[in-house]
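A.B. asks: Sequence and predicted structure, then a few things I'm wondering about:
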Amino acid sequence: MTLLILLYIFFHIGGFWILRASPSQKKEMGLFFGLTTLGAVLWGSIILRHPLDVNKAIGWMLSHWL
Amino acid sequence: MKASRLGVVLTLLALCTGCWDIKDINTLAIVSLAGVDKDPKSGDFLAYYQVMNPTGLSTRTGSSAKAAVYTFNFKDFSHGRFTEKTGRAMPRLFFTAHLQSYIISERYAREGILDLINYVELNPERRSNLIIFVSDSPLDVIMNSFTPLDRVPGRFMRSLSNHYQRNFRMNIYPIRFKDLEKDLKRQTPTVIPIIHYNGVKAASKSDEIEKINATQNGLTFAEGAVFIHARMVGRLDDKSKVLFYILNKKYRRLTETITVNGSYVDVEAQNIQVQRKWIAPGSHLSFDIHADLRIINNQQKRKMTLQNLQQIEASFNKMLEAKAEALEQMSKDKGWDLLGIQDHGGNEDSWRQTKVTFHVTSTMTTTGNTSTPYLLE
Amino acid sequence: MEQANLSGWQLFNLTLVFIIGTSFILLPGSLIADAKQYGWLVFIWAFLYGIILGGLWLYLSSKFPGLSIVQIAVQVLGKWAGGFVSLLYVLFFIQIASWVTRNMSDFMHINVMPRTPLSVFNIMILAVCAYAVVKGIESIAMVCELLSLLLTLPFWIPFSIMIQEWDWQNFNVPYVFHPWETFLNTRYALAFPFMETVSFMMIFPFAGRRLNLAFLSGIGFAGINLTLSILFTIGVLGVERASHLIYPIFIIFREMEFTNFIEHLESVLSINILLIVCIKLSLLFYCAVLAICQLFEVKERGVVAYPLIWIISAYALFFKNIVENVNWVKMYLFNYYALYAIVIPAVLIICARMRKKGRFRKRETAT
Amino acid sequence: MLIVHQIMERLGHSPDFVCHEFALSPDLGLFCIYISSIVSTEHANEFIFKPILEQNLDARALHDPKSWLESLIPKAQTDAFKEATEGIQRLLEGQCLLISSSGDCRLSYDIAKGQNRSVSEPTTEASIRGPREGFVEDIARNVALIRKRLKSEHLIFEQLIIGTETKTKVYLTYIDNIAQVKVVEEFRRRLNSIHADSILESSYIEEWIQDNTWSPFPQLLFTERPDSVVAKLMEGQVVVMTDGTPIALVGPVTFFQFFNSPEDYYQRADIATLSRWLRFFAFLLSIFVPALYIAVVSYHPELLPNSLLISLAAQREEVPFPAFFEAAIMMVTFEILREAGLRMPRIAGQSISIVGALVLGEAAVEAGLVSAAMVIVVSLTAISNFVSPNYGFGIAQRIIQFAFMILAGLMGLFGLMCGVFFVLIHLVSLRSFGVKYFTPLAPLVLSAWRDTLFRVPRYKMKRFPHRRMQNK
């Protein structure tokens, strides 16, 4: 879990260091940050053994509603 | 492009996490021959793995005549446990990608080897396209003896089977795990050669092969074991094994001795073509066999004339038809569908009643160097 | 939006590699298991179905020249509904990308490198594909064009060598064929390679004039290629073995003995598969990134591409093992893909016709 | 007089600064200033001093010294100048200044003495058949070499002065009815946008005007041979020649042009095509052999046939290092030897590095540090690396070879394949002045294959192949 957090922080430092150089507005920073956090959350759920399994969710929805 | 630099950094980051699958080639125990036997009483498997010793094999380093291979044997109740168990005895990593052949003891074969087939097919590293032998002599003798000429016993057996392989039409010798699997649900049996060790004590010391007599403690490769649904049901003698291959598996060559005018003529039949036709579907099957003959040894006391050659052809045809009918009769007695009647259109229950006729034609193509044999009178 | 333009030949190759992709290692096994020796027949109507769908999408995109599916949705359904549909499509592209990654890392894990964890394969291949996405669709198309010859050769040479193991008896396995029931339980073959090509709607705007011909002939040629490979698998391996193996074509390569010197050529196939997956994955990745960029009007693809590696590599690990993957595909894939490949395009066409958007306007306004 | 003082105080300190003063007549003095190291003194004596001293003053000289002086000294190289800075500039270019004491007559007279070497055989791009002439440092003579081969009025030389301090002369050369107008404009725009203080070699310019600075692959071809420059000009490419260096830059260039050596055009067509294929094969060999060796030996031993595996295992029995480490050692030692071979005086030269490698390799094998197969792999790669005709491209090969070796050492064939895809994407995305880097293969241009992948005989190459240069 700590490795995940370390990677996450390192990825952000790298991202901001590069993005600050190129003239990008708030939106790109937000998007970059949002997507990485979403990815980190998914990774966290896998590491903590109960994954947010989207496939099962789709399977459940399909079998129930169709 | 700033972001591409981040891409490179990211890839490098992902790389430096170390390498899991590294296995250096001199940390490998290269298995060249594997054998498995089943103890009927306790149900345990005895697995023998023959590991090649690279320095022993390579003559370059001029090392003393060390043994080319070392055999390890293990005993356990299920196949999967051997991969881990080998780690306890072998100093190197168990590596079966270069297996040359697999030997199964007769008593295990008679109990059915489906579990072994599943074990080998599961992991692609354990090759399933390697040749199988059934051994009627005790496995620990065969696995612990060195072989002349070819220092690695695994390659010795593979080159033994290579003589046959060349004569099959598509040079495929159908005695591999995959052939057993392909014929699993078929009625036509698969015939696997039986390997026999003529001798009692294993030639287990590397100086044993210094002895000149190669057949005394050597391996011969004669009869065939009949497998139906991956279980050995019986044995075939050498000649009917070859005839079985000719009729079913496109084998091309047959050497026979025929008596013409009271003396022997050894004849070799080459590129034999077998045509299978249903005269009356389900009830009358006919085989047309054509062969080109070559005289190997002619003992006749006659001049070599055209009629003489036709006599030889006629007696060969008669002999082959008789042998084929004998095989057909034996297969019906024993209940093994050796001619593959059911798989080629015959029906399950009444295949024994189908009438089978053989019609053999042959042409004499090569008569060898001497036009007529030397005669005394 | 990037002003790249792809030639007909490049689009043809892209469709070919996209459809052959990971399906040529996974499909034959399950198809032969379901339809025995008629597996290749199943695939023929599958690729005809694929061509019909292709026609539908081409019709939709011809009504909105120069717009990708995401932009069409926004234009037809307005800002919010269109935004939701494009989010759905973004999720769709991310899912296919992660399933492709998962298939590839499963293949590598089972067959080639059993001790390396799956996530390492995923992260490495995604990082390389992210770089490809940042470099743009033209680079992907050109690499695909470059490798297309290289990929078909090592695919067909071993098959022609393995002809010697051909056995006509494999075809008369006792199995009664009733089409409707087989059609039902092999409908995943309709979905797996052919409904995924809806992601090409993202790159239709880049294609030049010979778009329709290139796209449909790509689907057709890929379909024929795969049908032949299934036919070969049945002929060479036999129905018995092929139905029990997950990767029958890999096993064929492994057992190919040209001479006893050239024995183990399965590495050629694993390299082949890896390059195909790289191209297919970078194409899907590109569609996902383009969709997000068009949705949020972001010019810089790198900003979106690299964080997406996190999401896709995580998403790829949701299946516990390959059996669960295959089950899920058998049960839900067709219905799930039908939503994206048939339902939404049909809805778009109907709404566009009703609201007179795009080329549906009356003649006097059309240019 | 004021101007003389200004010049004196600016340049007076340097040892080779000479200032003669002639008192021609009581009220007409003449200053003659030059820098002795870069001026040919014989010219000075013969053309300036002698006429001035021998000429007896006449009336006209007195009241109009300027026209008198001009009449004396041959017209060809004299032109007037106004202030001191321009004068100094001329002095530094090797001209002699003639200033009258009254200050109204200021003439400069070009007597520069070039100490450049004579035209010799190009060392980097030797060829068995074909001219032996190579460029020299002096740009004027390089232009002469080109004009000798290309006597067409469409040949244009555009002069640019780049570098605030060095003020090097740079010639943009092209043939106006063949070269693409867009490409020439692009060259001109980029050359004008250079603002550097010193340009000493064409590589300075290359770094300024190339498209992607991060790519190991060169986007401009550099050559030393006038005949290949003329061949490229005829193909519609643009050449940038810099004063003071024999290397000329040729653009826009595609990946496959690095495999054409000038010799291809002098050999017969079939040999040229075969040798071109050999270079492709050598390129692939030098990139993939070490990486594949490491990947197979340490990750996928099942790929080796049985007997080869046994002999390799026997060889590697006493080698302590894993395959990747062993390969890295050998490669680095070979690079050191190669560098030593370059830095050695010319006589030792290349032979040192190859001999050194094999001897060192043999000793390493005897000592059991390295397996024999590894020495074969290393020397095979090194030799196939020398095959590439262009040295810059050879360096790119070596960078890629090391990268692939590291990838293969870390992740076996999987890592290698990711590396291959990465490099392919990078190569294909490169542009050289708008022209796609992988042109005849990536955007499939079959007609251009005639001259890149194959060298078809002369009569088939009727049309100018420049058509493939236009950027879509």
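C.D. replies: On my side now, so go ahead.
A.B. asks: pLDDT at the closest residue to chain B within the stretch 201-350 of chain C, what is it?
C.D. replies: Distance from chain B to each residue of the stretch 201-350 of chain C (Cβ to the nearest Cβ) is smallest for C:Gly302, at 2.1 Å. Just so you know, the C-beta spots here come from the backbone N, C-alpha and C atoms, and that holds for glycine as well. Looking at C:Gly302, its pLDDT reads 83.
A.B. asks: How is it assigned, secondary-structure-wise?
C.D. replies: Under the three-state scheme (DSSP: H, G, I helix; E, B strand; the rest coil), C:Gly302 adopts helix.
A.B. asks: ok, now how distant is it from A:Gly14?
C.D. replies: Plainly put, C:Gly302 is 12 Å away from A:Gly14 if you go by Cβ to Cβ, to the nearest Å.
A.B. asks: higher neighbour count, the two?
C.D. replies: Taking neighbours as other Cβ atoms under 10 Å in any protein chain shown, C:Gly302 and A:Gly14 compare with C:Gly302 leading, 27 against 16.
A.B. asks: Could you check how far the more buried one is from D:Pro216?
C.D. replies: C:Gly302 is 21 Å from D:Pro216, by Cβ to Cβ.
A.B. asks: just checking, C:Phe43 touches C:Tyr188?
C.D. replies: No - at 11.8 Å, C:Phe43 and C:Tyr188 do not qualify as touching, with contact defined as Cβ atoms under 8 Å.
A.B. asks: More neighbours: these two, which one.
C.D. replies: When C:Phe43 and C:Tyr188 are compared for neighbours, C:Phe43 comes out ahead with 29 against 21, by other Cβ under 10 Å.
A.B. asks: any idea what sits nearest the more buried one, other than its immediate chain neighbours?
C.D. replies: Closest residue to C:Phe43 apart from its sequence neighbours, by Cβ to Cβ, 6 or more residues apart in numbering or on different chains: C:Thr227 at 4.7 Å.
A.B. asks: what residues are up against D:Pro389?
C.D. replies: Each residue near D:Pro389 by Cβ atoms under 8 Å, 6 or more residues apart in numbering or on different chains is listed here: D:125, D:258-262, D:279.
A.B. asks: Ok, B:Tyr374 next?
C.D. replies: With Cβ under 8 Å, 6+ apart, B:Tyr374 has no contacts at all.
A.B. asks: which SS class is it?
C.D. replies: Using three-state DSSP, the structure places B:Tyr374 in coil.
A.B. asks: quick one: it from B:Thr259, how far?
C.D. replies: 19 Å.
A.B. asks: same deal with D:Glu165?
C.D. replies: 110 Å.
A.B. asks: neighbour count winner among these two?
C.D. replies: The neighbour count for D:Glu165 versus B:Thr259, taken as other Cβ under 10 Å, is higher for B:Thr259 (12 against 9).
A.B. asks: what's the closest non-adjacent residue to the more buried one?
C.D. replies: Nearest non-adjacent residue to B:Thr259 (Cβ to Cβ, 6+ apart): B:Ser315, at 7.0 Å.
A.B. asks: any idea which helix or strand carries that neighbour?
C.D. replies: Taking DSSP states H and E as the criterion, B:Ser315 maps to helix B:306-334.
A.B. asks: So which elements touch that helix?
C.D. replies: helix B:238-249, strand B:254-260, strand B:263-280, strand B:284-298, strand B:355-366 (3 or more Cβ pairs under 8 Å, 6 or more residues apart in numbering or on different chains; DSSP states H and E).
A.B. asks: Might you list the low-confidence residue ranges for the chain?
C.D. replies: Picked chain A for this. A:21-24, A:66 (pLDDT under 70).
A.B. asks: You answered for a different chain; I wanted chain B.
C.D. replies: B:1-18, B:59-65, B:208.
A.B. asks: what about the strands in it?
C.D. replies: Taking DSSP state E, the strands of chain B run over residues B:28-38, B:45-52, B:69-76, B:93-95, B:101-105, B:131-135, B:190-197, B:219-228, B:231-236, B:254-260, B:263-280, B:284-298, B:355-366.
A.B. asks: Tell me which of those approaches C:Thr197 most closely.
C.D. replies: Closest of these to C:Thr197 is strand B:93-95, at 42.3 Å (criterion: Cβ to Cβ).
A.B. asks: State the paired neighbours of the closest one in the sheet, together with their directions.
C.D. replies: Strand B:93-95 has its sheet partners listed here by DSSP bridges as strand B:28-38 (parallel).
A.B. asks: Which secondary structure state is assigned to whatever residue of the stretch 201-350 of chain D ends up closest to chain A?
C.D. replies: Nearest to chain A, among the residues of the stretch 201-350 of chain D, is D:Trp214, at 13.6 Å (Cβ to the nearest Cβ). Following three-state DSSP, the label given to D:Trp214 is coil.
A.B. asks: Please report how far it lies from chain B.
C.D. replies: Distance, D:Trp214 to chain B, using Cβ to the nearest Cβ, to the nearest Å: 7 Å.
A.B. asks: burial count for that residue?
C.D. replies: As a measure of burial, D:Trp214 has 9 neighbours, counting by other Cβ under 10 Å.
A.B. asks: In terms of pLDDT, where does it sit?
C.D. replies: 82.
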